[in-house]
Every structure is written in structure tokens, then in C-alpha cells.
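J.: What follows is a protein structure lacking sequence information:
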């Protein structure tokens, strides 16, 4: 995912969240709030929490969730080796049915990395 | 999902079902029959059964199944508030990995609703 | 589940919830609150919401959750036929791997029903 | 699982199925019928179908279903090596969360095998 | 899936595997090796192992994995009737949420079959 | 889980692993090796990897796996607050069907903690 694609991902996400909020009652709104709050730094740093969110999304095989946490991992300064070790835990726990998600995740990561490396 | 899209969804579904029936033996055919029969009105009205089918599809994260039950829910006169409360149960039970499916479901519902509201 | 068993289920649940609350931070507490709130009567009656919670628990194959919603369904006046139709939707959607949960659920229901029928 | 245990498993299963049938409507009965019919010999021999049922139950992590198919596999003359290769496919596909089910399955198989080997 | 599509599927798969291997450490590489090794002929023939892989992918609802095993099943000489019986086991075990995957699988199979039948 | 229970858990696990190894071929053995290797300290410390294993087991709802990782988390010096934040991520991602596993996990943690606190 190039930065353009990251931007596109964010725009579509925001647009769809607007539709969700148009219909959402108090309970759905509270879930969305907790879903943001739970990744905030606490006893564990935000970086570790994003790795926890990534591996959870990975073993539950939710591509959209994986994409989101990959972007957040990059923002939190996760290294390629740290990412690989996290996905290895997920691959072992979740089995070979996670391999298609591994392929997509590393393609996104590779594109994000190439974009960053090309910055002046 | 506009009525055009609903139409497109139905056409593709029918085309694929024809391929299934070309290969299906007696057992697959019986499953398809029961899968239709179980949503027919009984002690519970068809509307409630469609909500049950919707929330099952939602927590099992099957987008095609969700689309199908959304169309059927609209046909059974489910209101936006009833839909939202059903999806809220699914979101709480199934967790934030269902959020991408919530976004798609409410986008489809929103488009179906706008189409109906624009009818003379 | 006889009323004794229902009582035992509730006591163990409360005891364990006390341990959860001893460790729970704000986010876990909020999830527990929403998990209660979402089943309150709204546009849909509480009875329908309990059926939605039951079928969600059933297709996700969570025996503890199924037990809880069965008790609540009985409290909301769900009939045996309504229960059976709800579980039939879950069985069709979730497949034969739900059958062990169907067996346990109907055994619990049968015991609760016999207890009620024997009341003066 | 010794033959006594196999017998116990069957008795409990039959007792619970009687309760299911007490409540089951036509749709649940039809699912139970198809669930039996689909494992009957056809283009594929019954033995292969039982291995397919076993690996499906294994990756979906349903212990009761695994127990049932293990007994049927023994009846169809599946060898220990064939069983191991089937579970290896399931373990690779389903990941290390299937390991507790692998342990239980092989314990059952080991007990059934020792019982058979001790027969005159 | 026409042979062109099969070719396209393989090319994309190889391209993505190259990205995976660029990042993969020893553990991920070992999982990929075992994922290949487990389908090799042993006590069970390769054909049966591919059917086991197919039904596992099917009940776990992994379209990419299903596509891969369908191609391998065709290579191992699986007949349409054998395929149908395998998918029937998966459909019964995994429930109607697998129906969208059944539709896609049989569409791919139908296209592969028409391509083969048109060869001189 | 008191230290006695931890000891009992380990003994049963070892006994069952012995049965697994009696039947396991090369592929199953390799998976067991990778399943150990992936949690070894690397770019990420062992403690973080255990939290990743814990949250993966938690959202995939595998009680045996959760028990194992809880013991390992205690050995790696995870604090109660770090544990709670990890489980909160899992609860939000995996939904209220994980609550029975949350109850069991915190009961085990509480018992392990009381045992440790009572040591001279």
C-alpha cells in the first residue's frame, strides 16, 4: 500500500464511518469508542498494543482490520523484523489458512516501506 | 445497494446457483431446500427469522449472506432502528472484527433506503 | 437445567464476574455495560433481542453464552416452538458442528421446562 | 477411548438425540438426515468420507464431532498412519490452536487401539 | 477458472510468495515447507490429501486456499462427482455460511472442466 | 490456578504430548518445534511474544492455549495491569463470546498471583 493507497484506505474508512454514525445508536457508538480507547498507551506502550491488535486481526482473518493495524504499526515505529515475528506467531497459532492474509499484509508493508525509503 | 445493485446481486446469485445445481447431488439440494424453509413464517414471523439470519451471518462474517438477509429484511418491512439494534447485538457478540461488515451492511442499507425514499 | 442448576450457573457466573471486576479497567467495564445494554427493549422487544443473542451465541458455539440466553429466553416467555425455530436457523447457518451445542441447549431447556411444569 | 467409553459416548449421544427429536421440527430432522446421508459411500468410499468429516471437525475444533468420526474411522478400518496424516493436514491448516484437540484425539485413538489389540 | 485464470492465479501467488520470502524468518519458512510436505503421498494418496485440504479450506471459508486445492484436485484426477461429495461434507459440517464459497468453487471447477473438455 | 494446578496442567500436558509423539510423523513434529521456536526472544522480547500468543489464543477461544500462555506470562514477569490491557484488546476484538474465557483466565491468574504473594 503506497501512501496514496493508505490515504485512499483512510478516506473510504471515514466515509463509511460517517454512514455508520448516521444509523448508530448509543451502544454502537460506545463500542467504537472502546475500540479506539483500548489501543491507547497504558501499562503497555501503544506499539505493543498495536502488535496485539494486529495479531488478533490476523488470526481472526480480517483483512480490513489487518490493513488498519499495519498503518498504525508503521506510525508507532514497528520494524520489519518485529512485524515478521508478530505475524509468525499469528501464522503458527492460526494455521495455513492465514497465509493469504500474510501475503496481503507483507505486500502492503513492502509498499509502505518502499514509499518511506524513497522520501528525501 | 441501489435497486439496480440488488437486481445485479440477484442475477449473479441465480447464475451461480444454476452452476451449483448442475453439479449438486441430492444432499446439497436438500441443504438448499432447508436453507429456504427455515426462514418461512412459523411460530416466529418471517421478519424475526430474517433478523436471526442476519445476525447469524453477521457474527459469522459472511458478506454475501449479510447482503441477502438485508434485502429480505427490507422486504419484510424491518425499520432502520430495528436493523441497527440487531447489528448492535451482533457487534457486541462478535467484536470489532465485525466492524468492516457493519460498514458494508449499513452502506447497502443506506443505498436501499435512499432508493425507496425517492420512489413516487 | 433445573432451577437449582440455573441457580448454580448464576452463582458461579457472579463469583467469576467478581474476579473479573477486581482486575478490570475502564474498557473492560464499558464492554460489560454495553453487553447488558444491548439486550434492553428498544425498537425490538427484549424477547426478540434474546433470540438474537441466543442464535449469535449458538453459531459462534459458546456454551456458556447459550446457557445464559436460554435462561433469559425462558424469563421473556419464549415458547418451545419459538426456541426450536431459532435454533433451526442457527443449525442451518452454522452447520452440523453446532449439533453438540443443540443437544446441550435442548437438554437445558427440557430440564427448565419440566421444573416449571411441576410448579403448583 | 476404551470400548466402554465408546459405548458410554454412544449412549449419551442417543439419550441427547432423543431430547433433540422431542423438540425438533421438520427442518432440524432434515438436517440430521442429511448429516447421516452425506457420509454414505458414493463416488468416494465411506472411509475417505469419514476422514473428510474428521478433518472438518478437527479444523472447526469440535471435540464431540471428532470423537464421533474417530469411532467411525476405526469401524472403516482407517490405520494409525492414515489417521496421523489426516490430522497433520488439519494441524497445518488450522494451526496450533488445534493442538489440544490433537492431544485428545490421539488419546482416544490410542485407547481404542489398545482395546482392539487386546482382543483374543 | 479458465487455464488462463489458473495461470494468473499462479503468477500472482508466486509474486506474493516472493514478497513473503523477502521478509520471512526461519519459522515462517518452516511453516511454508510443512504446508507443502503435508500434502505429499504417504499412507494416503495425494488425491485424498488434496480432498482433505479442500474440505478444510472450505469449512474454514478461505477462498484462496479453496482455489489452490481445486487446481491441485484437478491435477490429481478428482472427478466432478468426487468433488461434489467432498463439498457436500463441507457444506453439511460448515453450514449455509459456506454457500457463497460453494458457488465460487463450483464456478471455478466448471470453467476448468470446460477448458479441459475443449482440448483436442 | 494454584502452583499445584499449574503442576497438574503441566503433567497432563506432558502425558498427552507423549501420546502425540508416539503417533506423530515428521510434519507434526516440525509443527510442534516451530510452535516452541516462535515464542523465543528475537527482535521482540519473549514477554511481548507471550502476550501475542495469549491474545491470539484468547480471540480464537482456546482455553488450554490460554492457560499455557498465562503460565508463561507469569514466568516472563507480566504484571496484572499488562495482562488486563492485553485481554481488553482481545475482548474488544473478539466480542462478548470471549467473556467466558476472560472469566476463566482471570480466575487462573488470580489463583497464581495469590500463591506467589503467599511465598515467603
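T.: It's in. Because the structure is a prediction, the values reported are computed rather than measured. Numbering: from 1, shown residues only, chains lettered A, B, ... in the order given.
J.: what about whichever residue of chain A sits closest to chain D, how many residues close to it?
T.: Relative to chain D, the nearest point of chain A is residue A:95 (2.9 Å; CB to the nearest CB). Backbone N, C-alpha and C define where each C-beta goes, glycine included. Using other CB atoms under 10 Å in any protein chain shown, residue A:95 is surrounded by 27 other residues.
J.: Worst mean pLDDT across the helices and strands of chain A, which element?
T.: The helix or strand of chain A with the lowest confidence, counting by mean pLDDT, DSSP states H and E, is helix A:3-23 at a mean of 90.
J.: Tell me who's in contact with the residue of chain A closest to chain D.
T.: D:59, D:91-98 (CB atoms under 8 Å, 6 or more residues apart in numbering or on different chains).
J.: same deal with residue A:20?
T.: By CB under 8 Å, 6+ apart, the neighbours of residue A:20 are A:28, A:32, B:102-103, B:106.
J.: Quick check: closest non-adjacent residue to the residue of chain A closest to chain D.
T.: Counting by CB to CB, 6 or more residues apart in numbering or on different chains, residue D:95 is the residue found nearest to residue A:95 once chain neighbours are left out, at 2.9 Å.
J.: do the same with residue A:53
T.: Nearest residue to residue A:53, sequence neighbours excluded (CB to CB, 6+ apart): residue A:69, at 4.7 Å.
J.: Now the one you found: which helix or strand?
T.: helix A:63-75 (DSSP states H and E).
J.: Which positions in that helix come out as buried?
T.: A:64-74 (16 or more other CB atoms under 10 Å in any protein chain shown).
J.: for those residues, which one is nearest chain B?
T.: Relative to chain B, and with distances defined as CB to the nearest CB, the nearest of the buried residues of helix A:63-75 is residue A:64, at 3.9 Å.
J.: from what I can see residue A:53 touches residue A:71, true?
T.: No - Residue A:53 lies out of contact with residue A:71 (CB atoms under 8 Å); the separation is 11.3 Å.
J.: Near residue A:12, how many other residues are there?
T.: Around residue A:12 there are 12 residues (other CB under 10 Å).
J.: how far away is it from chain B?
T.: 9 Å (CB to the nearest CB, to the nearest Å).
J.: Please apply the same query to residue A:80.
T.: Distance from residue A:80 to chain B, by CB to the nearest CB: 25 Å.
J.: Wait, that residue touches residue A:109, no?
T.: Yes - between residue A:80 and residue A:109 there is a contact at 7.1 Å, judged by CB under 8 Å.
J.: shared neighbours, the two?
T.: Common neighbours of residue A:80 and residue A:109 (CB under 8 Å, 6+ apart) are residue E:23.
J.: Compare neighbour counts for these two and give me the winner.
T.: Under the criterion of other CB under 10 Å, the comparison of residue A:80 against residue A:109 puts residue A:109 first, with 22 against 14.
J.: The more buried one contacts residue A:70, doesn't it?
T.: Yes - counting by CB under 8 Å, residue A:70 is a contact partner of residue A:109 at 5.9 Å.
J.: between these two, what contacts are shared?
T.: residue A:83.
J.: Check the spacing between residue A:58 and chain E real quick.
T.: 13 Å.
J.: and that residue, what is it in contact with?
T.: Applying CB under 8 Å, 6+ apart to residue A:58 gives the contacts A:66, A:87, A:90-91, A:94, A:98, A:101-102, A:105.
J.: Tell me, how many residues neighbour residue A:25?
T.: So residue A:25, with other CB under 10 Å, has 16 neighbours.
J.: which residues does it contact?
T.: B:81, B:84-85, B:88, C:42.
J.: From those residues, pick the one nearest residue F:114.
T.: residue B:88 (37.9 Å; CB to CB).
J.: Residue A:50 against residue A:72, yeah?
T.: Yes - with contact taken as CB under 8 Å, residue A:50 and residue A:72 are classed as touching, separated by 4.7 Å.
J.: Tell me who's in contact with residue A:16.
T.: Per CB under 8 Å, 6+ apart, neighbours of residue A:16: B:103-104, B:106-107.
J.: where's the residue most central in space within chain A relative to residue A:29, distance?
T.: Centroid-nearest residue in chain A, with CA atoms, centre = their mean: residue A:69, separated by 1.4 Å. The gap separating residue A:69 from residue A:29 is 22 Å, by CB to CB, to the nearest Å.
J.: circling back to that earlier point, what's the overlap in contacts for residue A:50 and residue A:72?
T.: With CB under 8 Å, 6+ apart as the test, residue A:50 and residue A:72 both reach residue A:39.
J.: Please list the residues of chain A that sit near chain F.
T.: Within reach of chain F by CB under 8 Å from any CB of the partner chain, chain A has these residues: A:31, A:34-35, A:38-39, A:42-44, A:48-49, A:51-53, A:55-57, A:59-60, A:65, A:79, A:81-82, A:84-86, A:88-90, A:92-94.
J.: Drop anything exposed from the residues you listed.
T.: Buried among the residues of chain A next to chain F (16+ other CB under 10 Å): A:31, A:34-35, A:38-39, A:42-44, A:48-49, A:51-53, A:55-57, A:59-60, A:65, A:82, A:84-86, A:88-90, A:92-94.
J.: I'd like to know which of those are part of helices.
T.: A:31, A:34-35, A:48-49, A:51-53, A:55-57, A:59, A:65, A:82, A:84-86, A:88-90, A:92-94 (DSSP state H).
J.: returning to what we had before: overlap in contacts, residue A:53 and residue A:71.
T.: The contact sets of residue A:53 and residue A:71 do not overlap (CB under 8 Å, 6+ apart).
J.: thinking again about what came up before, where does the residue nearest to residue A:95 land on pLDDT?
T.: Note on residue D:95: pLDDT of 98.
J.: which among the contacts of residue A:95 gets closest to residue A:13?
T.: Minimum distance to residue A:13 across those is 28.7 Å, recorded for residue D:95 (CB to CB).
J.: Quick check: the closest one vs chain C, distance?
T.: Counting by CB to the nearest CB, the gap from residue D:95 to chain C is 17 Å.
J.: and if you look at residue A:32?
T.: Residue A:32 is 11 Å from chain C, by CB to the nearest CB.
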